[in-house]
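Trainee: Sharing a model that was predicted from the sequence below.
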Amino acid sequence: MKLSISKIIIFCFVAFSLFVFWKGLKKDNNYDTTELIGSKISNFQLIGINNDDRYISQEDLKKNKFTLINFFASWCAPCRAEHKYLLNLSDKKIKIIGINFKDKKNNAMNFLKELGDPYDFVGKDSNGKISILFGVYGIPESILLNSDLIVIKKIVGPIDQIQYDEILKLAQ
Amino acid sequence: MKIKFFLFIIYISIITPMHSSDNQTKLLNVYKNLRCLVCQGQSIADSNSDFAATIKLVVQDQFDDGKTEEEVYNFLISKYGEWIVYQPTFNKNNLLLWILPYIALIFGGFIILLIVRKTKHNKVN
Amino acid sequence: MLSNIGIGLIVLVLILSFLTIYAAYLDLRTSSQYIKKRIYQLSLLQTTFTVLSFFTLIIGYINSDFSLINVYENSHTAKPFFYKIAGAWGNHEGSLLLWVNILVIFSYLFLVFNHKHNKRFRLYTLIFQNFLILGFLFFLLLNSNPFNSIYPIPLEGLGLNPILQDPALAIHPPLLYVGFVGCSIYFSAAMASLISGYGGKLFAQSIKTWVKISWCFQTLGIIVGSIWAYYELGWGGFWFWDPVENASLLPWFAITALMHSLIVLEKRNTLYSWVIILCLLTFILSVTGTFLVRSGILNSVHTFASDPSRGIYILVFLSLMIFSALIIFFTKNKKETFNFNLESRETFILANNWFMAFFLVTVLIGTLYPIFLDVLSGVKISVGPPFYNIVIIPLVIPLMFLMSIGPQFSWIKSQNKFFYKTLFLMLGAIAINLFILYFFGKYSLLSNLIFTTAIFLILHSCFDVKKLFINKNKAELPRIISHLGFGLLIFFIGINHQFSLEEDFNLKVGEIKKTNNYEINFKNTETKESKNYTAVIGNFKLTNLKNNLVQYLDPEIRIYSNPETLTYEAAIKTKITSDLYLTMSNISRSDYYNIKFQNKPFMVWIWISAIMIALGGFIQLTLKKNEA
């Protein structure tokens, strides 16, 4: 076989494509947003779950060295599972904002009464639109921010021991 | 020849932008272009998930605020990444994607031209 | 017991494949003009054992023999009889066994039916085909064995997934596999042709029936899949440019191009190298498609349960196939001289190939680009319907124009006798388009051109039918029907797209929604208990405000217990003029239901036109040699 440029190019191209296929096998093909870190959160107004006059905005979060924003609901089973980690984080003086997602106030309050309240502030998101502002697509989801309001970690799903340790590492 | 060209122009000008799209169609087109993160093989238009329902509300709000389609897409992309739109944006990541098919088209046409030219050349000889 | 029989049969087939290769190799060295009888016998024996192994699996399903893991995972005693059988090929391992069956059956049939062709060519084809068979057999035995057994034997199976119990879904895979896997035989034939030097017109004649068969079944398989998606999946569409759908479309473009180029190769003994490339490319695309679907590399609604080890096997097999094809092609291929006049049928067939290649490249790039981008840079993007529509649709316009005038040209060189006919039909098409535009609605420039060229193609085909009756020359009939079908398909897809009404809104029981054209009354819901599901049925009364016609539609939400799934059954009323489509889904923690309503004009004509395209191909197969 006469070796010509075009033949070499074709061989290389095929080999390269097969290599990419091989590499692609190892990748997880389910898309989640956990890699979307490094951007600043947008401006928001979060109305308190108890009192309609009380609300916080992004300005209030600038006072904290780190803030953890946690989306939860009383009807969400994994939220129960992760709750103890939130309580621990709260004990370690991490500021946590809870956002009650598509829930009824009484159910949410009973939930917190039963399991404990780790939140410095609980806001409500009755129609889910606030979750979209934070790039959340299911619950539970948690977002760790620094004082510049940059997202430094996203947790999709309940916080487990590994995530808990990582949060502590980042937030100290 | 000129008359045929003139008639063609008239035809084209008759049939050009008579395109009306009402709000509902515009809304549905956006829903169809957005990807559901919960049911990952479906668009927001087709998905029955909670997430899809919320996104629909948000898109409606944005349109009511007067935002354009592009602004809605950019907003959602900033929250969920480029993955959420089915139509790849035209940026440096996706340049190859949009251009390669046309390069192939031109390349193919070029080859056909060569083949037909060679025949003419052979015939002359 | 069945497990042992099944594995035993597979091993026998494996041994026979080796023996066949060896016997063929020996026979190549003899000077006789005829293939030894032994080789026919080996091939027939191989076919028999392969088919028996498939029957063994089917028996396992019929008897609900859960000692086979495959039956346990994919079947259930309560499954209806027909779906028990269909379950045999509705899973990864079983469908792989079906692949092997088709590979072996086609191998034998090619050997037998091509007895008039060159002996060395046929022997080499047999050898290459058996290498492919060996590859799949090793994959089957080492990684995806449908006959693996389980102990202790479970009492009941897992597989009662209701979505899979559907007649269209049952025949869709076998139809597609005859297409996908059928092209293996001309892959092997192409390799054999390069090595034995048996090319040109005779080679074209040896493979053309097989190309047509695989094309017909591939076309039909894609159509059935789309019909199923429309009626069963509840989103009102039939093509989503999903990677698995694309995997079936890629070989289709290649086979269509090949089918057309074969005509040129047979008539004018030219384009041999390109035909070989297409033969090799088609099966390579099939295996690539299988890799994409079964390895888990892609994110899709369609994929089989994925398993990376499968991916490695298929990738290795694919690599061996591609590299051997490349090496043999580059070493054996000779340069060709061309003789193409601009005004000749051959050139228009070249144009067809040009467009098919463009569509193929577009769909290939669209499907693979996200993978490449993710692997090389970590960026994850989606490539969906908007991309394909934007790139492909504009090019369908010149395609249809060329499809209309191409067949008017004769071979070698045409005198330009039909300019006025073309002009006349073009004016007719423009007139009809303006008519539609004026009376029915406004649409974009692109849509206008689509309609105009589609009508142009339809008119041309109708005129050709008239010419057919005058000449009594049946040879052109298949082409006319398929091209007519294609024109109608694009036309009706265009009409459907332009004039569909779609509404998406939330409604509570008892509420009424009024749109511009319809009043939708959500009268009530009722619950119905069925054999394996509970259904919440919504009763809707639809009033067409334009003509006061009333229709009743009853979409369902079905709750299955085993396995626990929720499905949404659309209420579809299909009529000749339009389809009414209604789906209802509940919104969690709310009394509201999300309602999607569509009025789709001429929907059923889309299926009719598509089937017409396949019909042309089937007619072509039945035409006798002197008529074709």
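Mentor: Structure received.

Trainee: C:V509 should be in a strand, yeah?
Mentor: No. C:V509 is assigned coil when assessed by DSSP: H, G, I helix; E, B strand; the rest coil, not a strand.

Trainee: Any idea which residue is closest to the centre of chain B?
Mentor: Most central in chain B under Cα atoms, centre = their mean is B:Q87, positioned 6.4 Å from the mean C-alpha point.

Trainee: Next, the closest residue in space to that residue that isn't next to it in sequence: phi, psi?
Mentor: Leaving aside its sequence neighbours, B:Q87 sits nearest to C:P386 (Cβ to Cβ, 6 or more residues apart in numbering or on different chains; 3.4 Å). From N, CA and C alone the C-beta is placed, and that goes for glycine too. Backbone geometry at C:P386, expressed as degrees, to the nearest 10, gives phi -60, psi -40.

Trainee: Just list the residues touching C:P386, thanks.
Mentor: Residues counted as contacts of C:P386 (Cβ atoms under 8 Å, 6 or more residues apart in numbering or on different chains) are B:33, B:86-87.

Trainee: For A:G157, see how far away it is.
Mentor: Using Cβ to Cβ, to the nearest Å, we find C:P386 at a distance of 31 Å from A:G157.

Trainee: Give me the outermost residue of chain C relative to its centroid.
Mentor: Within chain C, C:G510 marks the point farthest from the mean C-alpha position, 43.8 Å out by Cα atoms, centre = their mean.

Trainee: Show me where chain C dips below the pLDDT cut-off.
Mentor: For chain C, the stretches with pLDDT under 70 are C:299-306, C:415-416, C:562, C:624-628.

Trainee: Contact residues of it facing chain A?
Mentor: Chain C comes close to chain A at residues C:291, C:295-299, C:308, C:311-312, C:315, C:318-319, C:322-323, C:326-327, C:330-331, C:368, C:371-372, C:374-376, C:378, C:380, C:589, as judged by Cβ under 8 Å from any Cβ of the partner chain.

Trainee: just to revisit the earlier point, which of the contacts of C:P386 fall within strands?
Mentor: Counting by DSSP state E, none of the members of the contacts of C:P386 fall within strands.

Trainee: Quick one: those residues as a markdown table, columns for distance to C:S578 and pLDDT too.
Mentor: Compiled in a markdown table, these are given as follows (distance: Cβ to Cβ, whole Å; pLDDT from 0 to 100):
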| residue | distance to C:S578 | pLDDT |
| --- | --- | --- |
| B:N33 | 25 | 95 |
| B:Y86 | 27 | 95 |
| B:Q87 | 28 | 95 |
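
Trainee: Report the distance from the helix or strand that C:V112 is a member of to the chain centre.
Mentor: Assigned by DSSP states H and E, C:V112 belongs to helix C:92-113. The chain centroid and the centroid of helix C:92-113 are separated by 18 Å, computed with Cα atoms, centre = their mean, to the nearest Å.

Trainee: before we move on, what about stretch C:223-238?
Mentor: Worked out by Cα atoms, centre = their mean, stretch C:223-238 lies 14 Å from the chain centre.

Trainee: Count residues in the vicinity of the residue nearest to C:E266 when sequence neighbours are not counted, would you?
Mentor: Closest residue to C:E266 apart from its sequence neighbours, by Cβ to Cβ, 6+ apart: C:A204 at 4.1 Å. Close neighbours of C:A204, defined as other Cβ atoms under 10 Å in any protein chain shown, add up to 22.

Trainee: Let me know the next secondary structure element after the helix or strand C:A204 falls within.
Mentor: Here C:A204, judged by DSSP H and E, is contained in helix C:200-232. Counting by DSSP H and E, the next helix or strand C-terminal to helix C:200-232 is helix C:243-268.

Trainee: how about the following helix or strand past that following helix, does it get close to chain B?
Mentor: Counting by DSSP H and E, the next helix or strand C-terminal to helix C:243-268 is helix C:272-294. No. Using Cβ under 8 Å from any Cβ, helix C:272-294 stays clear of chain B, coming no nearer than 9.7 Å.

Trainee: packing partners for helix C:272-294?
Mentor: Packing partners of helix C:272-294 (3 or more Cβ pairs under 8 Å, 6 or more residues apart in numbering or on different chains; DSSP states H and E): helix C:167-196, helix C:200-232, helix C:243-268, helix C:308-332.

Trainee: could you give the angle of it to helix C:308-332?
Mentor: Angle, helix C:272-294 to helix C:308-332, by axes from the mean of the first three to the mean of the last three Cα atoms, to 10 degrees: 170 degrees.

Trainee: Just the buried positions in helix C:272-294, please.
Mentor: Of the residues in helix C:272-294, C:272, C:274-294 count as buried by neighbour count, 16 or more other Cβ atoms under 10 Å in any protein chain shown.

Trainee: residue boundaries of the helices in chain A?
Mentor: Assigned by DSSP state H, the helices in chain A fall at A:5-26, A:58-61, A:77-91, A:105-115, A:129-133, A:161-170.

Trainee: These into JSON lines, with extra columns for mean pLDDT and distance to chain B?
Mentor: Supplementary listing: the helices of chain A in JSON lines, determined by pLDDT from 0 to 100; distance: least, Cβ to the nearest Cβ, whole Å:
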{"stretch": "helix A:5-26", "mean pLDDT": "93", "distance to chain B": "13"}
{"stretch": "helix A:58-61", "mean pLDDT": "88", "distance to chain B": "15"}
{"stretch": "helix A:77-91", "mean pLDDT": "92", "distance to chain B": "15"}
{"stretch": "helix A:105-115", "mean pLDDT": "92", "distance to chain B": "17"}
{"stretch": "helix A:129-133", "mean pLDDT": "93", "distance to chain B": "5"}
{"stretch": "helix A:161-170", "mean pLDDT": "91", "distance to chain B": "19"}
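
Trainee: how about C:T288, what does it touch?
Mentor: C:T288 sits next to C:247, C:250, C:318 when contact means Cβ under 8 Å, 6+ apart.

Trainee: now, among these, which is nearest to chain A?
Mentor: Closest to chain A out of the contacts of C:T288 is C:L318 (7.2 Å), distances taken as Cβ to the nearest Cβ.

Trainee: residues in contact with the closest one?
Mentor: A:18, C:284, C:287-288, C:291.

Trainee: do A:N64 as well
Mentor: A:95, A:147.

Trainee: Dihedrals phi and psi, it?
Mentor: Taking degrees, to the nearest 10 as the convention, A:N64 sits at phi -90, psi 150.

Trainee: In chain B, what residue comes closest to chain C?
Mentor: Counting by Cβ to the nearest Cβ, chain B gets nearest to chain C through B:Y86 (2.9 Å).

Trainee: How about that residue, nearest residue that isn't a chain neighbour?
Mentor: Leaving out its chain neighbours, the residue that sits closest to B:Y86 by Cβ to Cβ, 6+ apart is C:G384, at 2.9 Å.

Trainee: Skipping its backbone neighbours, what lies nearest the residue farthest from the centre of chain C in space?
Mentor: Closest to C:G510 by Cβ to Cβ, 6+ apart is C:F522, at 6.6 Å.

Trainee: Distance check, the residue minimising distance to the centre of chain C against chain A.
Mentor: Residue closest to the average C-alpha location in chain C (Cα atoms, centre = their mean): C:I222, at 3.4 Å. Per Cβ to the nearest Cβ, to the nearest Å, C:I222 is found 24 Å from chain A.
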